[in-house]
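Asks: next comes the sequence, and after it the predicted model I'd like to discuss.
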Amino acid sequence: MEFRLLGAVAVTTENGDLSLGPAKRAGVLTTLLLRPNAAVSVEQLTAALWEEAPPTHSRTVLHGHVSRLRALLTAHGAQAYGVELATQGSAYVLRTPESLIDAHRFDELVSLSRVQRRPADAVLMLREALSLWRGPALTGTVPSPPLEAAAHALEELRLASVEALADAYGQLGEHERAAAVLRTEAVTHPLRESLAAALMVALSRSGRQSDALDWYHRTRRLLADELGVDPGATLTGAYTAILRAKEPARVQQAAAPAAPERVPDLLPRAPRGFTGRGDERSALARAVASGDGPVCLVTGPAGVGKTALTVHWAHERRDDFPDGRLFADLRGFSDTPAPETHAVLREFLLALGVPVRGIPETAASMGALYRSLTSGLRLLVVLDNALNSEQVRPLLPGGDQCVTLVTSRDRLGGLVASDAARPVPLAQLPAADAAALLSAVLGAERIAAEPAAAARIAALCDGLPLALRVTAARLAGSPQWTLDTMAGELADEQNRLSLLAVDDTGVAASLRLTVQQLHPKAGRMFRCLGLHTGPDLDRYTAGALAGTSPAQAAAALDLLACAHLVTESPRGRYAPHDLVRLYARTTTAPEAGAEAEPGAGPEADPKAGAGAGPEAEPGAGPEAEPGAGPEAEPGAEPDGLRRLLDHYLHTALAAGAAAEPGSQPCCTLPADALRPPAVREFADREAALDWYAAERAALRGAVEAAAAAGLHDRAWRLVLLQWPLILWRIRDGWVPLLEQALISARHEDHADAQARALALLGWVLHREGRDTEALAHLEQAPALAVRAGDVISEAIALLNLAVVLDGAQDSAADSARAGELLSYALTLATGAHHPPTEILALQHLADHCLTTGAYAVAGEHAVRALGLATSPEAAACRVQLRTTYGAALAGLGRADEAAEQLGRAEREAASAGFLDGAVLARQRLAELSAKR
């Protein structure tokens, strides 16, 4: 972003000039820019906007222009450049780095040119200063007296600079250039005697004495005709000097300064044992080959090897930069204070051969001299460990032959936007490069002896070169340790970070330096991540952890992503690498919860079962305002865990409601449940199942954390609320979780929770072919449901028990009992007016009747269930019922009708994406065709 006053007033970004609107708004901006970082009163602004007396509503108009300017700047990322339009009492102040204002840069360059000992350096600075002008100053503003006076003052400075440039050319003996520079301005300003006098001298010294005298007489006549005055002393003196001179005084061009004997080289020594990074080295080479003074931005997390890559590449390509190689550690992420800009510039100027007495006093002047000296050089500048873009910009060299490499743990988006920096992101090392790094330290033989253990070490070190080097150093110092032993030690998450540290160097130390530089909100979010129970999370979960809205959480997560502490996936989920996650666990969250919304009273969600079978399991209730009990006290870790657990409870209830619209949830919320700031909404069943699947690992971790913390009332609920995922998406790996739910339910002596956990556990065990274990659990469930007074829970327990008895087929007695249980379950569901469970009972009864040869009854049950399963979400259920009905018709010898129902089931299954249903319908069709 750049502010332009030397010509048409403009705010320029990488996408072009911003639309400032009317002249008065441009006048407000101009008045503020003429006094940057200083309070400008309403009275001063009003005087600049109106040529005469302001109208009565002037303050309203002024405030409107300020408001629109503030919005415009904010919308175009002004904050990234350190720009802010603020209110200060009854005044306004535009806070901005003055280097963003062209008038300020012009003044700095002109001032610096005056102290240069070599005329050639003065010429460079004055030409750069005058190149900033694009027309008459402050064009496009209101022609009020204050602004016209400011424009006139700027024009006077420009003309004085033109005269100074001509004088510098004259000192170099380049009188023709001096005359060319002066002639245009002298024609434009014919009454400015100093310009005419300087032009006369330049013409005379270039051998054009007659032209010089003619210019004097022309100017004398204009002064008499226009102003009625005679030439002043300056013009007359120049005329007299030319007349008296026998020949023009010629100044010989000064000899160019000798090239320095020693080329500056501030690079640290090349890193030893550097391996890999071929793609990134090629990316740097391509960026450099593009020309135009490229700035390459090497970014990545702590310990990923940014400095090693950059210094290695700089040494590798040192011959490409014959004029020198500069290096500065900006210590952006360090325990020691970052160096001041003027200190770095001073070191650079000394390295470039500027004597101590020739170094300017101010950082701005040093920067201008630095850019002038480097403008024609083929120079490499390495700026290591930058904190932000503002730290880098003053150190960028001039010209298009210099190359700048910047390393940072931050993305430095401002540098990309304003200086066209080319990002070269650095990720963790791939497995082959990680093995090569270990081999460089430990020797190829040791790695070849235990390749699998070496691969495990690389994975446990997250592919971070720092972590790998620390591990290799430990192994090198302990030759009795095998790689497999080290891998086993690293696998212990409690000790991993301590193992990855040697003296004051290590992963934890590097991460601490990154975290301590974070914005407070981002730092707080990072500490809250230590409480999370999964590998990644979304903004809703992050908001619940931190007690903020999802939008605020996303903003904080974006800052963490910029600092390479988390990575964002296209699905809007954020994941810290394992070592970062482990470090986050070692931090505390003293502020967590301070911003949480006040809790509401306990939810009054009705209860339902956690059974099995398509369309049977009742989902969560409608997404009402999430309930909450007393709010967590800020700072306590158990409350931080409770906020996370209760967030998952609320969201799982909403997901269940979307998976089974209109049904009752399988459990109520705990009486003291905390209300999260926001609860995610789900458009349909698929969206709900996608959420369950994405959060599966986190939910499993949440159950374990809840049980370990003694929050058993949360643990069993979090398991049972996952019934949609168990039934419709992921079928494996549920037994341990359901067993934990049963343990927690028994700990709470919650009869209904035990009944539902047993019913669901029995169903899962049956699905895995473990019918003996399934029956042992299912036989206990109905009595517990009766004890709890939950009819639907009892019906589901009976249904699951009957299905397992039917599947076991140990005896006719089991089959008969299964039929009785199914009939009783149907009676319970019908009496409770609970269609999902009634549909499930009818379906299982129909299947039971098929196995016993009662095809007509099976068909009746299937048709009745089809009449109930009319909702869009019941598509899979309808496919299964039509398949059962088709089989019943086939058993009755009604082959054509059976084929019609089975074909329809296959088409509906394909339309609904129900692959298993399509396969079963197709199989039944094939069997029917074979019998014809």
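Replies: Okay, I see it.

Asks: so who does Ala888 touch?
Replies: For Ala888, the contact set (CB atoms under 8 Å, 6 or more residues apart in numbering) comprises Ala846, Cys849, Leu850, Tyr855, Ala856, Ala858, Gly859, Ala862, Ala898. The way it works is simple: take the backbone N, C-alpha and C, and place the C-beta from them, glycine included.

Asks: surely the fourth one meets Asp847?
Replies: No: the pair formed by Tyr855 and Asp847 falls short of the contact definition of CB atoms under 8 Å, at 11.8 Å.

Asks: buried ones among the contacts of Ala888?
Replies: Using 16 or more other CB atoms under 10 Å as the burial test, the contacts of Ala888 include Ala846, Cys849, Leu850, Tyr855, Ala858, Gly859, Ala862, Ala898 as buried.

Asks: if I look at Tyr540, how far off is Arg286?
Replies: Separation of Tyr540 from Arg286 (CB to CB, to the nearest Å) stands at 41 Å.

Asks: domain ranges for this protein, per the record?
Replies: 1-172, 187-250, 278-425, 431-505, 518-593, 799-931 (automatic domain parsing).

Asks: which among those domains is found nearest to Val735?
Replies: Of all those, it is domain 799-931 that lies closest to Val735, at 14.9 Å by CB to CB.

Asks: first-to-last residue distance for that closest one?
Replies: 32 Å (CA to CA, to the nearest Å).

Asks: helix, strand or coil for Ser19?
Replies: Under DSSP: H, G, I helix; E, B strand; the rest coil, Ser19 falls in the coil class.

Asks: not counting sequence-adjacent ones, nearest residue to it?
Replies: Setting aside the residues directly before and after it, Ser19 is nearest to Leu72 in space (CB to CB, 6 or more residues apart in numbering), at 7.9 Å.

Asks: hmm, Leu20 and the one you found touching each other?
Replies: Yes: if you go by CB under 8 Å, Leu72 and Leu20 touch, sitting 7.5 Å apart.

Asks: return every residue with contacts to both of these two.
Replies: Residues touching both Leu72 and Leu20 (CB under 8 Å, 6+ apart): Val11.

Asks: show me where the stretch 801-932 of the chain has helices.
Replies: Using DSSP state H, counting those that start in this stretch, the helices assigned to the stretch 801-932 of the chain run over residues 812-831, 835-852, 855-868, 875-891, 895-912, 915-931.

Asks: export those helices to JSON lines and append columns for distance to Ala693 and mean pLDDT.
Replies: Putting the helices of the stretch 801-932 of the chain into JSON lines (distance: least, CB to CB, whole Å; pLDDT from 0 to 100) gives the following:
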{"stretch": "helix 812-831", "distance to Ala693": "29", "mean pLDDT": "89"}
{"stretch": "helix 835-852", "distance to Ala693": "22", "mean pLDDT": "91"}
{"stretch": "helix 855-868", "distance to Ala693": "28", "mean pLDDT": "93"}
{"stretch": "helix 875-891", "distance to Ala693": "17", "mean pLDDT": "90"}
{"stretch": "helix 895-912", "distance to Ala693": "18", "mean pLDDT": "89"}
{"stretch": "helix 915-931", "distance to Ala693": "16", "mean pLDDT": "85"}
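
Asks: pLDDT below threshold where in the stretch 651-800 of the chain?
Replies: Residues of the stretch 651-800 of the chain meeting the criterion pLDDT under 70: 662.

Asks: got the contact list for the residue nearest to Ser19?
Replies: Each residue near Leu72 by CB under 8 Å, 6+ apart is listed here: Val11, Leu18, Ser19, Leu20.

Asks: the helices of the stretch 801-932 of the chain: which one's closest to Thr96?
Replies: For Thr96, the closest of these is helix 895-912, at 59.2 Å, according to CB to CB.

Asks: what comes up buried for the closest one?
Replies: Residues of helix 895-912 classed as buried: Glu897, Ala898, Ala899, Gln901, Leu902, Arg904, Ala905, Glu906, Glu908, Ala909, Ala912 (neighbour count, 16+ other CB under 10 Å).

Asks: can you give the distance of it from its chain's centre?
Replies: Centre-to-centre, helix 895-912 and its host chain are 49 Å apart (CA atoms, centre = their mean, to the nearest Å).

Asks: now stretch 214-233
Replies: Offset of stretch 214-233 from its chain centre (CA atoms, centre = their mean): 67 Å.

Asks: and stretch 135-143, by the same measure?
Replies: The answer for stretch 135-143 is 40 Å, by CA atoms, centre = their mean.

Asks: what's the lengthiest helix in the chain packed up against?
Replies: In the chain, with assignment by DSSP state H, the single longest helix is helix 145-171. Under the contact definition 3 or more CB pairs under 8 Å, 6 or more residues apart in numbering; DSSP states H and E, helix 145-171 sits against helix 23-34, helix 42-49, helix 102-114, helix 119-130, helix 175-188, helix 193-205.

Asks: now render these as TSV, adding mean pLDDT, mean neighbour count and distance to Asp265.
Replies: Shown next, in TSV, are those (pLDDT from 0 to 100; neighbours: other CB atoms under 10 Å; distance: least, CB to CB, whole Å):
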stretch	mean pLDDT	mean neighbour count	distance to Asp265
helix 23-34	90	23	41
helix 42-49	86	19	52
helix 102-114	84	21	27
helix 119-130	83	22	23
helix 175-188	82	19	36
helix 193-205	83	25	42
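
Asks: so for Ala338, which of these sits nearest?
Replies: Each of the helices and strands packed on helix 145-171 was scored for nearness to Ala338 using CB to CB, and the closest is helix 102-114 (22.9 Å).

Asks: pLDDT below threshold where in the stretch 451-600 of the chain?
Replies: Along the stretch 451-600 of the chain, segments meeting pLDDT under 70 span 495-507, 509-510, 513, 578, 588-600.

Asks: what sits up against stretch 21-40?
Replies: Stretch 21-40 is contacted by residues 3, 5, 9, 11, 20, 44-45, 48-49, 61-62, 65-66, 68-69, 85, 88-89, 91-96, 98, 101, 103-104, 138, 140-142, 144, 146-147, 150 when judged by CB under 8 Å, 6+ apart.

Asks: I'd like to know which of those are buried.
Replies: Among the contacts of stretch 21-40, those that count as buried by neighbour count (16+ other CB under 10 Å) are 3, 5, 9, 11, 20, 44-45, 48-49, 61-62, 65-66, 69, 85, 92-94, 96, 101, 103-104, 138, 140-142, 144, 146-147, 150.

Asks: got the buried ones among the contacts of Ala888 as CSV, with distance to Ala180 columns?
Replies: Shown next, in CSV, are those (distance: CB to CB, whole Å):
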residue, distance to Ala180
Ala846, 101
Cys849, 106
Leu850, 103
Tyr855, 107
Ala858, 104
Gly859, 104
Ala862, 99
Ala898, 100
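
Asks: ok, so of those, who is nearest Arg220?
Replies: Of all the buried ones among the contacts of Ala888, Ala862 has the smallest distance to Arg220: 115.4 Å, by CB to CB.

Asks: contact partners for the closest residue in space to the closest one that isn't next to it in sequence?
Replies: Of all residues not flanking Ala862 in the chain, Tyr885 sits nearest, at 3.9 Å (CB to CB, 6+ apart). Residues in contact with Tyr885, defined by CB under 8 Å, 6+ apart, are Ala846, Ala858, Gly859, Ala862, Val863, Leu866, Gln901.
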